[in-house]
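> Return atomic coordinates for the entry below.
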Amino acid sequence: MTTVLLRPLAMGDTKRCANLERQLFARDNPWPAWAFEQELRSPDHHYVAADCDGQLVGYAGIALLGPADDPENEIHTIGVDPKYQRRGIGRMLLDDLLAVADLHGGPVWLDVRTDNEAAQELYRGVGFDVVGLRKRYYQPSGADAYVMKREGP
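Here you go, the predicted structure:
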């Protein structure tokens, strides 16, 4: 595999992200390009892209929330092109988000499909625990989601 480089996600990446969303999350209302554009405009969001040979092969984003004396963070999305999965790219993206969250302070929250065991394994590997269940959270599929939490540093 060639080198994967992380960089800030840019407005010019939103169509590629939307295309990957349709592949990755077809059953659950994938984000269109305008949703990524809206996320990138938010000053309290951090988005990162993974490039391989000049092509975006992954993306991830987190919201940095709460007041300075009670911060928290919420991972909004992580996606990796199916052709590039199981190569450590998801972990690279997650590590970037967690580094930003640790600087911000507070716990990190996320939702993950209960049937997405690969993602759950990734999250457990960096300290997340299941703390709740959202029944029929993902639509239109009606899939359940685990709420996972990682305490801050």
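
> For this protein, which segments count as helices?
For the chain, the helices defined by DSSP state H occupy 14-24, 33-41, 89-104, 117-124.

> mind checking which of those helices is nearest residue 8?
helix 33-41 (9.0 Å; Cβ to Cβ). Where you see a C-beta, it was placed from the backbone N, CA and C, and this is true even at glycine.

> Give me the mean pLDDT for that closest one.
For helix 33-41, mean pLDDT is 97.

> That one versus helix 14-24: what angle between them?
120 degrees (axes from the mean of the first three to the mean of the last three Cα atoms, to 10 degrees).

> I'd like the helices of the chain laid out as CSV, including mean neighbour count and distance to residue 81.
Formatted as CSV, those follow (neighbours: other Cβ atoms under 10 Å; distance: least, Cβ to Cβ, whole Å):
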stretch, mean neighbour count, distance to residue 81
helix 14-24, 18, 6
helix 33-41, 16, 15
helix 89-104, 18, 8
helix 117-124, 15, 15
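
> Can you lay out those as JSON lines showing distance to residue 8?
Shown next, in JSON lines, are the helices of the chain (distance: least, Cβ to Cβ, whole Å):
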{"stretch": "helix 14-24", "distance to residue 8": "13"}
{"stretch": "helix 33-41", "distance to residue 8": "9"}
{"stretch": "helix 89-104", "distance to residue 8": "10"}
{"stretch": "helix 117-124", "distance to residue 8": "22"}
